[in-house]
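Asker: Sequence and computational prediction follow.
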Amino acid sequence: MGSCLLVSCSTTAPPTATPTGEVTRPAFDTFTAPNVQLPVTTAAGTCPDTVDLWVMSQGFEGGADHTVVVDFPAIATGPTEILSSEDRRIIYVAPLQEEFASCSGTAESEFLAMYSVHLGNGKVHFELNLSDDGGARTIRYADLSVTRPYIYWRAES
């Protein structure tokens with residue numbers, strides 16, 4: 001199986017100067033669109049229709065390696081931070097874009113129950129929770145790819 005680079009290291013336009021003289025660069029584009037959409041259930045306010053993820057898995061005898069990247073730039077702005085991190089659970093948080101700041105809702109999937117998104121109080125929280133399953137599942141690496149939550153985790157039998 002081949003590999004795929006998720007973000008481009010080049011920009012499509014040269015840097016531009018703002019009125020304050022600060023130089024800004026366009027956001028990074030991706031080579032491939034997210035392959036999973038979690039539908040948002042809206043409780044109140046204006047919410048995005050979906051929260052999009054890149055989900056990749058590579059099986060091996062006795063288990064699989066999984067990588068998930070969340071497309072926060074589509075719904076969030078500002079800095080993304082790791083709010084909480086444990087061996088089998090991690091939560092990322094970022095401020096919602098202005099158009100979604102009033103949103104109160106959730107995004108989940110029965111098939112991908114380990115991933116959940118909570119939107120409210122002007123923020124989006126993405127959680128990977130492997131602790132509900134008694135199997136050998138651990139987060140191997142977690143960080144940010146540009147402003148996108150990036151997690152590599154392993155499931156073994």
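Answerer: That came through, no problem. The structure presented is a predicted model; accordingly, all values stated were derived computationally and were not measured.

Asker: residue contacts, the residue nearest in space to the middle of the chain?
Answerer: In the chain, the residue lying closest to the centroid (CA atoms, centre = their mean) is V70, at 1.8 Å. With contact taken as CB atoms under 8 Å, 6 or more residues apart in numbering, V70 is in contact with V51, D52, L53, Y92, V117, F126, R148, P149. C-beta coordinates here come from the backbone N, C-alpha and C atoms, glycine included.

Asker: possible to save the residues you listed as a markdown table with neighbour count?
Answerer: Putting the contacts of V70 into a markdown table (neighbours: other CB atoms under 10 Å) gives the following:
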| residue | neighbour count |
| --- | --- |
| V51 | 28 |
| D52 | 19 |
| L53 | 23 |
| Y92 | 26 |
| V117 | 23 |
| F126 | 26 |
| R148 | 26 |
| P149 | 26 |
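
Asker: May I ask which two of those residues are separated the most?
Answerer: The most widely separated members of the contacts of V70, counting by CB to CB, are D52 and Y92 (14.5 Å).

Asker: quick one: buried residues of stretch 132-146?
Answerer: Within stretch 132-146, the residues that count as buried by 16 or more other CB atoms under 10 Å are R137, I139, A142, L144.

Asker: now, which of the residues you listed sits nearest A101?
Answerer: L144 (21.7 Å).

Asker: Surely that closest one and F126 touch.
Answerer: No. Assessed by CB atoms under 8 Å, L144 is found out of contact with F126, at 11.4 Å.

Asker: following the helix or strand of the chain with the lowest mean pLDDT, which helix or strand comes up?
Answerer: Lowest mean confidence among the helices and strands of the chain (mean pLDDT, DSSP states H and E): strand 23-24, at a mean of 39. Next in sequence after strand 23-24, counting helices and strands by DSSP states H and E, comes strand 36-44.

Asker: buried stuff in the helix or strand W153 falls within?
Answerer: Taking DSSP H and E as the definition, W153 sits inside strand 148-156. Using 16+ other CB under 10 Å as the test for burial, strand 148-156 gives R148, P149, Y150, I151, W153, R154, A155.
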